[in-house]
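Colleague: sequence first, predicted coordinates after that:
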Amino acid sequence: MIISVPKGRIFSSFNNFLKKKEIKVFNKDRKLILKTDSNFKIALLKQIDTTYYLLNGIVNYSIVGFDFFLEKNLIKLFKKKIIGIKKMYFFNCGLYLIRKNNKSFKRNKITISTKYISIVKKYYRNFKKKVIEINGSNELAIKFKISDFIVDIVDTGKTLRDNNLKEVYKLFSIFPMILYLKKTDIKKINFLYENK
């Protein structure tokens, strides 16, 4: 059994979650398939590739963030009953509208930079706005006056404080989800999504 997990924040949190469950991950440098002392292996993938591996039967389950699920419109696969989804509980953060601290805006049209283009266009569809796609270090877009606001993930808030930025509004909470093909037996991994 293989579970795909995105590298970075999600894998780090998932690894900590497994430690609490007393499941050991044999994490060797540069390895992309990690063995565990349980009945599954972990495939470290880019989040953008997880659904391809799942839909083509290469992995049995895929863990993604709720932000990715919405941005890539994976709900359409769920509605067509191609995939099933279960919420997981090993981390929680949020997607926020962010601006420079102590700055207000009275303009009719604002500029927002983000990597979440689909979400921003849908969420702010009734606002006059320009949306710029920037995939990393969005804080610099405000610093260099490319945009008035950014929409990005906030976890601890340290990066915002270090860059004199603040959250204006929380769009929604972000949590991990496990995706699986409808024909898959989800009972095999109950321990991964039970809220305990």
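Modeller: Yep, that arrived. Numbers count the residues shown, from 1 in each chain.
Colleague: give me the residues contacting stretch 162-173.
Modeller: For stretch 162-173, the surrounding residues in contact (Cβ atoms under 8 Å, 6 or more residues apart in numbering) are 66, 92-101, 119, 123, 139, 142-143, 149-151, 154, 157, 159-160. Where C-beta positions appear, they are placed from N, C-alpha and C, glycine not excepted.
Colleague: hang on, I meant stretch 40-60
Modeller: So stretch 40-60 is contacted by 1-7, 10-11, 14, 25, 31-36, 61-65, 68, 72, 74, 77, 82-83, 179-181, 184, 189 (Cβ under 8 Å, 6+ apart).
Colleague: which of the residues you listed are buried?
Modeller: 3-6, 10-11, 14, 25, 34, 61-65, 68, 72, 74, 77, 83, 179-181, 184, 189 (16 or more other Cβ atoms under 10 Å).
Colleague: partner strands of the strand ranked longest in the chain and their direction?
Modeller: Longest strand in the chain, counting residues (DSSP state E): strand 165-174. According to DSSP bridges, strand 165-174 has the following sheet partners: strand 93-100 (antiparallel).
Colleague: chain center to the helix or strand just after the strand it pairs with, what's the gap?
Modeller: Downstream of strand 93-100, the next assigned helix or strand under DSSP states H and E is strand 110-114. Chain-centre distance of strand 110-114: 20 Å, with Cα atoms, centre = their mean, to the nearest Å.
Colleague: picking up where we left off before, in strands only, show me the contacts of stretch 40-60.
Modeller: Counting by DSSP E, the contacts of stretch 40-60 place 2-6, 25, 33-36, 61-65, 83, 179-181 in strands.
Colleague: and Ile58, what are its phi and psi?
Modeller: With angles defined as degrees, to the nearest 10, Ile58 sits at phi -80, psi -40.
Colleague: and it, how far from Ser137?
Modeller: 32 Å (Cβ to Cβ, to the nearest Å).
Colleague: got it, and Lys35?
Modeller: Distance of Lys35 to Ser137, computed by Cβ to Cβ: 34 Å.
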